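1. Can you look at this prediction? I've put the sequence above it.
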Amino acid sequence: MDTTNANATIKCWVELYSDQLYTWAYYKISDRETAEDLVQEVFLAAVHSFKNFEGKSDPKTWLLSILKNKIADHFRKVYRTNANNTVSFNQFFGSNEDWISDQRPQQWKEDEEQHLLDNPDFKKTLTHCLEKLPANWKASIVLKFIEEKDSNEICQELQIAPTNYWQILHRSKLQLRKCLELNWFKK
Amino acid sequence: MKMLMNFLMLSCKKAASLIDKKVEVKLSWKENIQLTMHKSMCNACTAYEKQTKLIDKILYTHIHSDSETNIPVIKNKELQKQIITKL
């Protein structure tokens, strides 16, 4: 297919899909400018590799897969430039290594994830809680879920020891749990 | 008996970390026994495990899933124009 044709098709896709892609990216990144830059890069990359598309899949799915790669690249960079953030465990556990009394996990009422994620207010709370994590922790979380890679592969890409990696995830989840409890489940 | 108990006992701090470790790495048989023992006696860590699993599912859907069901699309006409001029 010639380039004029590719350009015309992609211009049409910009009109159809750029808002959806932008919304999707914005909820992962929480930064307007970066989300805009990445969506722009997606369409430029789409022009270049248009011949690989060949109508094999749904255009939105294809564009989204390019966007996922771009987001993963972005968070790999974030991880590298923010390595070595640490937060102490002391806020969760006392000197006897037992939960500090007001930090002890209690039963939550709601626990249907789809139901929660269909709620725009919950989505906002979740985005807010992710934003409060140290930058390299959030990067590790996004990288764990955005592409379906196993932890060995992620550790290699980030050049991080597996023990370090699961400890970052563990600390992130302790902090996320607390934040969601305070701002959602106990509100 | 006391030695056996010491061998099997875990603190909540250690138990919580094993709960999250288990998702990424295979636990040793000793860690598995310790964790099972601990959870059978500790409501807080049992609740922690349930919640951290829910958080994993939520994060997977939030970060991975292709559709933003029920989430209003953010309109960005400026961006659209900008991309079209660059193409």
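-> Received, thanks.
2. And the helices in chain B?
-> B:2-8, B:12-24, B:29-41, B:43-64, B:77-86 (DSSP state H).
3. Just the CA coordinates for the fourth one, please, in PDB.
-> Put plainly, it is helix B:43-64. Output in PDB follows, covering the C-alpha atoms of helix B:43-64 (Å, rounded to 0.1, in the frame of the first residue of the first chain):
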ATOM      1  CA  ASN B  43      -7.000 -12.700  60.900                       C
ATOM      2  CA  ALA B  44      -5.100  -9.600  59.900                       C
ATOM      3  CA  CYS B  45      -2.700 -11.400  57.600                       C
ATOM      4  CA  THR B  46      -5.600 -13.500  56.200                       C
ATOM      5  CA  ALA B  47      -7.400 -10.300  55.400                       C
ATOM      6  CA  TYR B  48      -4.200  -8.900  54.000                       C
ATOM      7  CA  GLU B  49      -3.900 -11.800  51.600                       C
ATOM      8  CA  LYS B  50      -7.400 -11.400  50.400                       C
ATOM      9  CA  GLN B  51      -7.000  -7.700  49.800                       C
ATOM     10  CA  THR B  52      -3.600  -7.800  48.100                       C
ATOM     11  CA  LYS B  53      -5.100 -10.400  45.700                       C
ATOM     12  CA  LEU B  54      -8.000  -8.100  45.000                       C
ATOM     13  CA  ILE B  55      -5.600  -5.200  44.500                       C
ATOM     14  CA  ASP B  56      -3.700  -7.300  41.900                       C
ATOM     15  CA  LYS B  57      -6.900  -8.000  40.000                       C
ATOM     16  CA  ILE B  58      -7.900  -4.400  40.100                       C
ATOM     17  CA  LEU B  59      -4.500  -3.300  38.900                       C
ATOM     18  CA  TYR B  60      -4.500  -5.900  36.100                       C
ATOM     19  CA  THR B  61      -7.900  -4.600  34.900                       C
ATOM     20  CA  HIS B  62      -7.000  -1.000  35.400                       C
ATOM     21  CA  ILE B  63      -3.600  -1.200  33.700                       C
ATOM     22  CA  HIS B  64      -4.000  -3.900  31.100                       C
END
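4. how distant is that helix from the center of its chain?
-> Relative to the chain's own centre, helix B:43-64 is displaced by 5 Å; criterion: C-alpha atoms, centre = their mean, to the nearest Å.
5. Same check on stretch A:53-68?
-> 19 Å.
6. Show me which of the helices of chain B has the highest average neighbour count.
-> helix B:12-24 (a mean of 21; mean count of other C-beta atoms under 10 Å in any protein chain shown). (Each C-beta comes from the backbone N, C-alpha and C, glycine too.)
7. Report the closest residue of chain B relative to chain A.
-> Distances between chain B and chain A by C-beta to the nearest C-beta are smallest at B:S11, namely 3.3 Å.
8. quick one, what contacts the spatially closest residue to that residue that is not a sequence neighbour?
-> Counting by C-beta to C-beta, 6 or more residues apart in numbering or on different chains, B:S11 lies nearest to A:E97, which is 3.3 Å off, once chain neighbours are set aside. With contacts defined as C-beta atoms under 8 Å, 6 or more residues apart in numbering or on different chains, A:E97 is in contact with B:S11, B:C12, B:K13, B:K14.
9. how near is A:E97 to B:M9?
-> Distance, A:E97 to B:M9, using C-beta to C-beta, to the nearest Å: 11 Å.
10. One more: A:G94?
-> 16 Å.
11. Equivalent analysis for A:W24, please.
-> 46 Å.
12. Please compute how far stretch A:120-131 lies from its chain's middle.
-> Centre to centre, stretch against its chain (C-alpha atoms, centre = their mean), the figure for stretch A:120-131 is 12 Å.
13. contacts for it?
-> A:27, A:30, A:116-117, A:138, A:141, A:175-176, A:179-180, A:183-184, B:58, B:62, B:70-72.
14. where in chain A is pLDDT low?
-> Low-confidence regions of chain A, defined by pLDDT under 70, span residues A:1-3, A:84-88, A:110-112, A:114.
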